[in-house]
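Student: structure for the following, please:
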Amino acid sequence: LDAEALEMIFMVAKHSNAAIAEMERLQNLWGVYERLGLEDDIVDPSNQLIKEGPIQKVSTRNNSTSEKYLFLFNNMLLYCVPKVIQVGAEFQVHLRIDVDGMKVRELKDSQCPHTFLVSGKQRTLELQARSEEEMNAWIEAFQDAIARKEKRSETFKTAGLGPPGPPSQPQCCPLLPQTEELGRRAPQWVRDNLVSMCMRCREPFSTIVRRRHHCRACGYVVCARCSSYRAELQYDGNRPSRVCLHCYSLLTGHVLPQDREGKPKGILEVSSATPCRSLLCSSLQLLDKNGKGGTRGWVVIPQDDPLVLYIYAAPQDVRAHTSIPLLGYQVRDLGQGDSGHLFQLAQSGQVHTFAA
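Tutor: Reported below is the predicted structural model:
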């Protein structure tokens, strides 16, 4: 009888603790609900707050950052803006992104350290943390939320109620939508400062004549002529949105005569390689003959063409402005100089001096 009594007391205490934990969770949800000005309905028995905190949003236009605030739940992300005058609410919800189908990865960007990408079906965000530890904590929280969602969906997959999703792209490659995802999920916008030319027609941008625009389907930076088309995008509520000519052809089935895809390319029309598709790529300064001035460019040795060095004006350009065949060249380490650490490629009368 004593053992049965102890067992009963243990079960009652266990249920009591579970009830207290559940009450605390709902109280936390209600607290977030009040901080949002009772605008977003998050008080649901299945919702669980995983992480919250401030974050910096990286702009694709000018590389600037602005302060935002994130509430990450097991099923959604609330992307909020702090209110200047906090009367009745501390934050305003700008975006609500489903965890279902979400991807997250670190962006190894020397210009913007501690940045990571959150790609959802409704929107893709480039976010910057204050430190590497904070960035890793956010990435782990997102991975936790994604894993919980996938675990809940695993029952449906094993039961044959839905086909498995497309394989994920390599983590070091840009998260551009695959063909079957085009228009169905928000793309990662290529930053303006990473290109110097239209990523479709390869014509250089200028402030007045040829300005930058973003394709809402693939996220490429394109000129006005190459993006003067509209197509319905599922992730944007099937509203007609500005897209490039290539995506317009894929989304609508209409073949446009201006589309240069599939046409023979020039010797310099090679896309700048990401780290997973290059032996080496980085920003270097190509010095002039006097060794005092020069232009900074993105220098690449591709894996599939390892005997040629390509120099681009920007990291995401689709055409190089210079190529150097490496056969026959000698490499000379010149040590530290005024412009940085110097080295040369030399062959007979041809000399190229770089500063790293």
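Student: what's the local residue count around residue 110?
Tutor: 7 (other CB atoms under 10 Å). Using the backbone N, CA and C atoms, a C-beta is placed for each residue, glycine as well.
Student: repeat that for residue 136.
Tutor: For residue 136, using other CB under 10 Å, the count is 14.
Student: need the three-state assignment for it.
Tutor: The three-state label given to residue 136 by DSSP: H, G, I helix; E, B strand; the rest coil is helix.
Student: against residue 104, how distant is it?
Tutor: Separation of residue 136 from residue 104 (CB to CB, to the nearest Å): 11 Å.
Student: span of stretch 69-88 from start to end?
Tutor: Using CA to CA, to the nearest Å, one end of stretch 69-88 lies 17 Å from the other.
Student: average model confidence for that stretch?
Tutor: Here stretch 69-88 scores 86 as its mean pLDDT.
Student: how distant is that stretch from the center of its chain?
Tutor: 21 Å (CA atoms, centre = their mean, to the nearest Å).
Student: give me the buried positions along that stretch.
Tutor: 69, 70, 71, 72, 73, 74, 75, 76, 77, 78, 79, 80 (16 or more other CB atoms under 10 Å).
Student: give the helix, strand or coil label for the residue nearest the centre of the chain.
Tutor: The centroid of the chain falls nearest to residue 117 when counting by CA atoms, centre = their mean (4.1 Å). What three-state DSSP gives for residue 117 is strand.
Student: just list the residues touching residue 197, thanks.
Tutor: When contacts are counted by CB atoms under 8 Å, 6 or more residues apart in numbering, residue 197 touches 203, 204, 205, 313, 317, 318, 319.
Student: can you give me the neighbour number for residue 239?
Tutor: Using other CB under 10 Å, residue 239 has 11 other residues around it.
Student: also residue 195?
Tutor: By other CB under 10 Å, 23 other residues sit near residue 195.
Student: report the contact partners of it.
Tutor: Residues counted as contacts of residue 195 (CB under 8 Å, 6+ apart) are 205, 212, 221, 314, 316, 317.
Student: next: residue 326.
Tutor: By CB under 8 Å, 6+ apart, residue 326 lies in contact with 301, 307, 308, 309, 345.
Student: what about 10 Å?
Tutor: 301, 306, 307, 308, 309, 345, 347 (CB atoms under 10 Å, 6 or more residues apart in numbering).
Student: pLDDT value on the closest residue to the second one other than its chain neighbours, please?
Tutor: Leaving out its chain neighbours, the residue that sits closest to residue 306 by CB to CB, 6 or more residues apart in numbering is residue 279, at 5.6 Å. For residue 279, the pLDDT comes out at 86.
Student: so residue 279 is in which element?
Tutor: Following DSSP states H and E, one finds residue 279 within strand 278-287.
Student: continuing past that strand, what's the next helix or strand?
Tutor: In N-to-C order, the element after strand 278-287 by DSSP H and E is strand 294-302.
Student: mind listing what's buried along that next one?
Tutor: So strand 294-302, judged by 16+ other CB under 10 Å, has buried residues 294, 297, 298, 299, 300, 301, 302.
Student: which other helices and strands does that strand contact?
Tutor: Where contact means 3 or more CB pairs under 10 Å, 6 or more residues apart in numbering; DSSP states H and E, strand 294-302 is packed against strand 278-287, strand 308-312, strand 322-325, strand 350-355.
Student: ok, and for the longest one, which residues are buried?
Tutor: Buried residues in strand 278-287, counted by 16+ other CB under 10 Å: 278, 281, 284, 285, 286, 287.
Student: so the closest residue to the fifth one other than its chain neighbours bridges to which residues?
Tutor: With sequence-adjacent residues excluded and distances taken as CB to CB, 6+ apart, residue 286 is closest to residue 294, at 5.0 Å. Note on residue 294: beta-bridge partners residue 287, judged by DSSP bridges.
Student: could I get the pLDDT score of residue 294?
Tutor: 79.
Student: now it: how far from residue 137?
Tutor: Taking CB to CB as the measure, residue 294 falls 41 Å from residue 137.
Student: helices of the stretch 101-250 of the chain, residue ranges please.
Tutor: 132-158, 245-252 (DSSP state H, counting those that start in this stretch).
Student: so residue 280 touches residue 356, yeah?
Tutor: No. Distance between residue 280 and residue 356: 11.1 Å, which falls outside the contact criterion (CB atoms under 10 Å).
Student: and the helix or strand containing residue 93, how far from the chain's centre?
Tutor: Using DSSP H and E, residue 93 sits within strand 91-98. Computed by CA atoms, centre = their mean, the chain-centroid distance of strand 91-98 equals 18 Å.
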